[in-house]
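# Sequence and predicted structure, then a few things I'm wondering about:
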Amino acid sequence: MPHTTPAPRSAPTPLRAVAGADAHQLILGLDTFGDVTRTADGAPVHHAQVIRDVVEQAALAERSGVDAITLGEHHRDDFALSSPEIALAAIAGRTERILLGTGVTVLSSDDPVRVYERFATLDAVSSGRAEVILGRGSFTESFPLFGFRLEDYDALFSEKLDLFSRLRGEGAVTWSGSHRSRLVEQEVFPKTEQPDGVRAWIGVGGSPHSVLRTVQVGIPMMLAIIGGDPSRFLPFANLYRQAQDELGRDAMPLGVHSPGHIAETDAEARDQLWPHFEANRNRIGAERGWPRTTRAEFEREADEGSLYVGSPETVAQRIARTVRLLAADRFDLKYANGTMPHELLCASIELYGRKVIPRVRQLLAD
C-alpha cells in the first residue's frame with residue numbers, strides 16, 4: 001500500500017451540483033471522443049480538421065445553453081483527441097461559461113503530478129471552469145504506448161488515484177508507491193483559485209469495488225451507462241450513497257454518461273445515427289470478440305436501453321426518467337458516435353441545448 005500524508009482538504013463539489021437531482025442545479029452536458037468523421041461522400045476527415053470541428057462544436061454547445069463539454073482521451077486512429085486538455089484550452093478562449101473537462105483522462109498510464117499541473121493550468125486559463133474525469137480506460141492502447149503493463153491495470157489506477165487525491169489539497173505532499181518515484185514534502189504548481197483544488201470525478205463502468213473507491217478517496221462518481229436499462233445501475237447508486245453515510249461523507253454528486261443523437265423526429269434521428277453506430281460498434285466489437293450488431297439490437301437499445309436517440313421530446317423524457325431514477329446531479333450525452341458528419345453533430349448539439357435541456361428541467365420541476 002502507498003504511504004501518504006493526510007489530505008488537508010475535503011473533496012470539492014462540482015459547479016452548481018448538489019445531491020438530489022434538483023431541476024435547476026442539474027448539470028446537463030455533452031461529451032465526445034473526437035470520433036473521426038466522414039464527409040457527405042464518405043471520405044474520412046483528417047484528424048486535424050476533426051479537432052478544429054470539436055472546438056467549433058463546443059462553442060456551439062455554449063451558445064445553445066449546454067452546461068458542460070467533456071473530451072475523451074484515446075490513442076488510436078478512429079479518435080482524434082489524444083491530448084484533450086490542449087483542445088479544451090482552445091475552447092476556453094472561445095467560451096465564457098461552459099464547464100471544460102475530460103471524459104476520461106487515463107490516469108493509469110499518465111503521471112498524477114503532470115495531470116494535476118495540466119488541469120490547474122486549464123483552470124487558470126478558463127477562469128475556474130476546468131474539471132477532470134479520471135478513469136482506468138476501457139481502451140488499453142495507452143499502456144504499451146507509454147510503457148505500462150496490462151497486468152498492473154488496477155494497481156496502477158489505485159496507486160495513482162491515491163496520489164492525485166492528495167495533490168488536490170495543494171499543500172506539501174509526502175507519498176510513496178510501487179509505480180512512481182516517491183515524493184517528500186513536495187508541492188505542485190500552479191495552485192488553483194479553487195478552495196478545494198482541481199475539480200474531479202471518477203469514471204465508473206459498474207463494479208462495486210469501483211463505486212466504493214470513489215467514496216473512499218472523496219471524488220464523485222460518473223457512471224458510464226452505455227447499454228441496457230439504466231435501472232440496472234440503481235444498486236450502484238444506492239451503494240454509492242450508503243458508503244457515503246457509513247464513512248461520514250457529505251453528500252457527493254452523482255453523474256451519468258450515455259450515448260445518443262437528436263433530430264427533429266424519432267425516425268430521422270434513428271436513421272441518421274444507425275449507419276455510424278453500426279460501423280463504430282462493429283469495429284470495436286471485432287477487436288473485442290463481440291458478434292456484429294443488428295438494427296433490431298439498435299432499436300431495442302433506443303426503445304428500452306441507454307441509447308438516447310430521437311426527437312427532442314423523446315430524448316428529454318428519457319433523460320428525465322434516468323435522472324429521477326438514479327437521483328443524478330448530472331447527465332452527459334455522448335453526442336458523437338462513430339463517423340457521423342460534423343453538420344449532423346452540430347444539428348444534434350443545437351437541439352440538445354435549445355430544446356432538450358429546457359424540457360428536461362421543466363419535466364423535473366413538474
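Great, that's in hand. Numbers count the residues shown, from 1 in each chain.

# Tell me which residue lies nearest the centroid of the chain.
Centroid check for the chain by Cα atoms, centre = their mean gives Gly103 as the closest residue, at 3.1 Å.

# Check the secondary structure at the closest residue to that one other than its chain neighbours for me.
Distance criterion Cβ to Cβ, 6 or more residues apart in numbering; nearest residue to Gly103, sequence neighbours excluded, is Thr70 at 3.6 Å. From N, CA and C alone the C-beta is placed, and that goes for glycine too. Following DSSP: H, G, I helix; E, B strand; the rest coil, Thr70 is assigned to strand.

# Give me the number of neighbouring residues for Thr70.
Thr70: 29 surrounding residues under other Cβ atoms under 10 Å.

# before we move on, back to that, need the contact partners of the helix or strand hosting the residue nearest to the centre of the chain.
Using DSSP states H and E, Gly103 sits within strand 99-106. Contact with strand 99-106 is made by 14-15, 27, 29, 31, 67-73, 84-85, 88, 91-92, 115, 122, 126, 129-137, 142, 199, 201, 203, 222, 257, 332, as judged by Cβ atoms under 8 Å, 6 or more residues apart in numbering.

# let's see it at 7 Å
With contacts defined as Cβ atoms under 7 Å, 6 or more residues apart in numbering, strand 99-106 is touched by 15, 29, 31, 67-73, 84-85, 88, 91-92, 115, 122, 126, 129-135, 137, 142, 203, 257, 332.

# Show me those that map onto strands.
Mapping the contacts of strand 99-106 onto strands (DSSP state E) picks out 29, 31, 68-71, 130-135, 203, 257, 332.

# Can you show me the strands along the stretch 151-300 of the chain?
Here the stretch 151-300 of the chain has its strands, by DSSP state E, counting those that start in this stretch, at 173-176, 183-186, 199-204, 221-224, 254-262.

# Okay, buried residues for the second one please.
So that's strand 183-186. Under the neighbour-count criterion of 16 or more other Cβ atoms under 10 Å, strand 183-186 has Leu183 buried.

# so Ser258 makes contact with Tyr308?
Yes: at 5.9 Å, Ser258 and Tyr308 qualify as touching, with contact defined as Cβ atoms under 7 Å.

# which of these two has more neighbours?
Each of Ser258 and Tyr308 has its neighbours counted (other Cβ under 10 Å); Tyr308 has more, 26 against 22.

# can you pull up the bridge partners for that one?
Gly260 (DSSP bridges).

# pretty sure it is touching Asp332, no?
No: with contact defined as Cβ under 7 Å, Tyr308 does not count as touching Asp332 (10.7 Å).

# start to end distance for stretch 57-72?
14 Å (Cα to Cα, to the nearest Å).

# which residues sit against it?
27-34, 54, 81, 84, 87-88, 91, 94-95, 97-104, 133, 332, 345-346, 349-350, 352-354, 357.

# With stretch 297-317 instead?
Identification of contacts with stretch 297-317 by Cβ under 7 Å, 6+ apart yields 225-230, 258-262, 264-266, 269-270, 273-274, 277, 318-319, 333, 351, 355-356, 359-360, 363.

# Filter those down to the buried ones.
Buried members of the contacts of stretch 297-317, scored by 16+ other Cβ under 10 Å, are 225-226, 230, 258-262, 266, 269-270, 273-274, 277, 318-319, 333, 351, 355-356, 359-360, 363.

# So which of these are in helices?
Per DSSP state H, helices hold the following members of these: Asp266, Ala269, Arg270, Leu273, Trp274, Phe277, Arg318, Ile319, Leu351, Arg359, Val360, Leu363.

# I'd like those as a markdown table, with pLDDT and distance to Glu62 appended.
Listed next are these as a markdown table, based on pLDDT from 0 to 100; distance: Cβ to Cβ, whole Å:
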| residue | pLDDT | distance to Glu62 |
| --- | --- | --- |
| Asp266 | 98 | 27 |
| Ala269 | 98 | 23 |
| Arg270 | 98 | 28 |
| Leu273 | 98 | 24 |
| Trp274 | 98 | 29 |
| Phe277 | 96 | 26 |
| Arg318 | 98 | 24 |
| Ile319 | 98 | 19 |
| Leu351 | 98 | 15 |
| Arg359 | 98 | 19 |
| Val360 | 98 | 18 |
| Leu363 | 97 | 23 |
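
# so which of the residues you listed would you say is closest to Asp110?
Phe277 (29.6 Å; Cβ to Cβ).

# any idea how far the closest one lies from Leu223?
Using Cβ to Cβ, to the nearest Å, we find Phe277 at a distance of 21 Å from Leu223.

# now swap in Leu247 and tell me
Taking Cβ to Cβ, one finds Leu247 at 19 Å from Leu223.

# mind listing the helices for the stretch 101-250 of the chain?
Applying DSSP state H, counting those that start in this stretch to the stretch 101-250 of the chain gives helices spanning 112-125, 142-146, 153-167, 208-217, 234-247.
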